[in-house]
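Visitor: Fold the following for me, if possible:
(one chain, ligands or ions: 1)
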Amino acid sequence: MRAVVTERRDLTGDLWIVRVRPDDPLAFRAGQYVSIGLPSQDKLIERPYSIVSSPDEPELEFFFELVPHGELTPRLYEVAAGGEVYLRRSAKGLFVYDHASSHKHHFMVATVTGVAPYASIVRQFVANARKGAAIPAHITILEAASLSAELGYDAEFAGYAQEFEWFDYIATVSRPWVDTAWAGERGRAEDVLRKHLDAAGCDPADTTAYLCGHPQMVANGQGILERAGLPGKSIKSELFWVSTQKAAEA
Ligand SMILES: Cc1cc2nc3c(=O)[nH]c(=O)nc-3n(C[C@H](O)[C@H](O)[C@H](O)COP(=O)(O)OP(=O)(O)OC[C@H]3O[C@@H](n4cnc5c(N)ncnc54)[C@H](O)[C@@H]3O)c2cc1C
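Guide: Here you go, the predicted structure:
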């Protein structure tokens, strides 16, 4: 179906956030993705994108990274507010909040656009909490980027962390020597994951961890979480792409 871009916010030269209004409502669970497409000659080029907005919001939000030699993102990058994209009518994916385990701790790790599914999940909890619902778990988001300008949702998450006891947000920047004003955590997600997992009091038997985004971070994060004692079934991951080396090996 068609969706009109109602808003666009560029964070850097290769990262941007859009809100779209689809012709018909799209039902989805927080954390899921939908395929977005644009026509090229006689075909539609489609790729999956995690939905940032919560299922309660009237518009859909996405956080895109430009892959300069990619097939779709250079075309998506050209779509300004008022422009159109196409969406599949059904959302997919199992990278959703783990209600089933009843775990107390939910520790979510992202690189850059990998924060999208967590934003959807947390926005839904925030909406419920503001209606008076009790949130029976503690959620931590650890978001990593090269530079602070790439942290698409830091102000929003920092606000939630101030407002709600059940939520914590940690941002880490891996090139602080370029980002000289940055006063927060320094290093890659992998460098600081174990420290913050322990600081949040995440008992491995009572924690679900989530890894999303860069394939190398997901692979390294998996190892760190396993060494911290989390069983495999308590680690959920979503790879946004497969590295060329891995693809060649497969
Ligand atoms: C479940 C799921 C959810 C996703 N959600 C998002 C999202 O919210 N935001 C988002 O920007 N992307 C997301 N992606 C990635 C997205 O689907 C595309 O792969 C990406 O936008 C590149 O598309 P392209 O057509 O421009 O590049 P392609 O032509 O598909 O890829 C060209 C090459 O670049 C590699 N590549 C793809 N993405 C990257 C990257 N970010 N950095 C480096 N190399 C890359 C590919 O492996 C390939 O070798 C998601 C992927 C999956 C599987």
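Visitor: contacting residues around residue 81?
Guide: 5, 6, 7, 8 (CB atoms under 8 Å, 6 or more residues apart in numbering). No exception for glycine: its C-beta is placed from N, CA and C like everyone else's.
Visitor: now residue 206
Guide: By CB under 8 Å, 6+ apart, residue 206 lies in contact with 103, 104, 105.
Visitor: ok, now residue 95?
Guide: If you count contacts by CB under 8 Å, 6+ apart, then residue 95 has 31, 32, 33, 50, 117, 210, 212, 236, 237, 238 around it.
Visitor: so residue 54, which of the three states?
Guide: Going by DSSP: H, G, I helix; E, B strand; the rest coil, the secondary structure assigned to residue 54 is coil.
Visitor: So what's the gap between stretch 100-107 and the chain middle?
Guide: When distances are taken as CA atoms, centre = their mean, to the nearest Å, stretch 100-107 is centred 18 Å away from the chain's centroid.
Visitor: Mean confidence (pLDDT) on it, please.
Guide: Taken as a whole, stretch 100-107 has a mean pLDDT of 98.
Visitor: Identify the residues contacting it?
Guide: Under the criterion CB under 8 Å, 6+ apart, external residues in contact with stretch 100-107 comprise 97-98, 136-140, 142, 196-197, 200-203, 206-210, 234.
Visitor: So which of these are in helices?
Guide: Members of the contacts of stretch 100-107 lying in helices (criterion: DSSP state H): 196, 197.
Visitor: re earlier: from the contacts of residue 95, which two are the most distant?
Guide: Maximum pairwise distance in the contacts of residue 95, criterion CB to CB, is 14.9 Å, between 32 and 237.
Visitor: Outline the domain layout of the protein.
Guide: 2-87, 105-245 (automatic domain parsing).
Visitor: Columns distance to residue 93 on top of those domains, output as TSV?
Guide: Below are these laid out as TSV (distance: least, CB to CB, whole Å):
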stretch	distance to residue 93
domain 2-87	4
domain 105-245	7
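Visitor: how close does whatever residue of the chain ends up closest to the ligand sit to residue 143?
Guide: Checking the chain residue by residue against the ligand with CB to the nearest ligand atom singles out residue 70 as nearest, at 2.0 Å. Residue 70 is 23 Å from residue 143, where distance means CB to CB, to the nearest Å.
Visitor: Many thanks, I have nothing further to ask.
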